[in-house]
Structure formats: C-alpha cells, structure tokens
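In: Fold the following, please.
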Amino acid sequence: QVQLVESGGGLVQAGGSLRLSCAASGRTFSRSAMGWFRQAPGKEREFVAGISYRGGTTYYADSVKGRFTISRDNAKNMVYLQMNSLKPEDTAVYYCAAAPRYYTTTARRDDYDYWGQGTQVTVSS
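Out: I've put the predicted structure just below:
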C-alpha cells in the first residue's frame, strides 16, 4: 500500500509559481510510477504530469508542457510538481497518485491505485 499526502497549494496571481509536494509512505513507492492530476469544479479529473519509478522519464499534458515540472526523490519518498507561469485555468484541486503496477509513466487515471486527499490551487487574474 502507498499513502500520499499533498501540500503546497494556495492562492497565487497569474504568472506566479507554486511548488506542490507529495509525501509518500509504503514499501512500493520507489517501484511505482507517480503522477499528478487535477480537478476543476464541474470538470473531470485530468492528468497533469507523470514520472517513472526512477525519475528518468516524464510526461506532461499539453496544457502544462513547458510550464510545469514533475520530479521525485526516492530517498525522501517525495514527489514534486513545480508550477511556473500559472494561469487562471490552472485553478483546481491537485492530486498526487501512485501507480505501483507500472514502472514507466502513464496518463490513464485507472492505472493509478492510490490517491492523496488533494490540495487546492487558485490562480487569480
């Protein structure tokens, strides 16, 4: 099992930056692909970024490519999402997720077995 706790959300002006953190516990973390998803009010939860179990491969949604960076530190059981040049349309609850059945990145929501409680990101115009 993997337990996930996100932090780092908040209110920021358009053009600003935030760094989300995800603290993971559980034996399978270092062997799990990890991802960040987000869900805006009235919308489906969507993939944002994914990273392979060793961090060598990353994958991004087109909407965040070039602005967001996912990374992980397996020694600290942490996953991060650096968000730059934020836009009002980035406003959402952001979720960290673990896909222990996969080593490489995956954007499919059903591939992720464990989820955090989410952290709110609000970008004002």
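In: hey, where'd the strands end up in the chain?
Out: For the chain, the strands defined by DSSP state E cover 3-7, 10-13, 18-25, 33-39, 46-51, 58-60, 68-73, 78-83, 92-99, 114-115, 119-124.
In: Against which helices or strands is the shortest one packed?
Out: For strand 114-115, the helices and strands in contact under the criterion 3 or more Cβ pairs under 8 Å, 6 or more residues apart in numbering; DSSP states H and E are strand 3-7, strand 92-99. C-beta: built from backbone N, CA, C; applies to glycine.
In: what does the last one give?
Out: Counting by 3+ Cβ pairs under 8 Å, 6+ apart, the packing neighbours recorded for strand 119-124 are strand 10-13, strand 18-25, strand 92-99.
In: tell me what the first one is packed against?
Out: If I follow you right, that is strand 10-13. Using 3+ Cβ pairs under 8 Å, 6+ apart: strand 10-13 touches strand 119-124.
In: how about the strand it packs on: buried residues?
Out: For strand 119-124, a neighbour-count test (16 or more other Cβ atoms under 10 Å) marks T119, V121, V123 as buried.
In: Could you give the bridge partners of the last one?
Out: Judged by DSSP bridges, the bridge partners of V123 are V12.
In: The first one now?
Out: When bridges are assigned using DSSP bridges, the partners listed for T119 are Y94.
In: do you know how far it is from A92?
Out: Remark: distance between T119 and A92 (Cβ to Cβ, to the nearest Å) = 10 Å.
In: Distance to A33, mean neighbour count and mean pLDDT added to the helices and strands packed on strand 114-115, as a markdown table?
Out: Formatted as a markdown table, the helices and strands packed on strand 114-115 follow (distance: least, Cβ to Cβ, whole Å; neighbours: other Cβ atoms under 10 Å; pLDDT from 0 to 100):
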| stretch | distance to A33 | mean neighbour count | mean pLDDT |
| --- | --- | --- | --- |
| strand 3-7 | 13 | 17 | 97 |
| strand 92-99 | 4 | 24 | 98 |
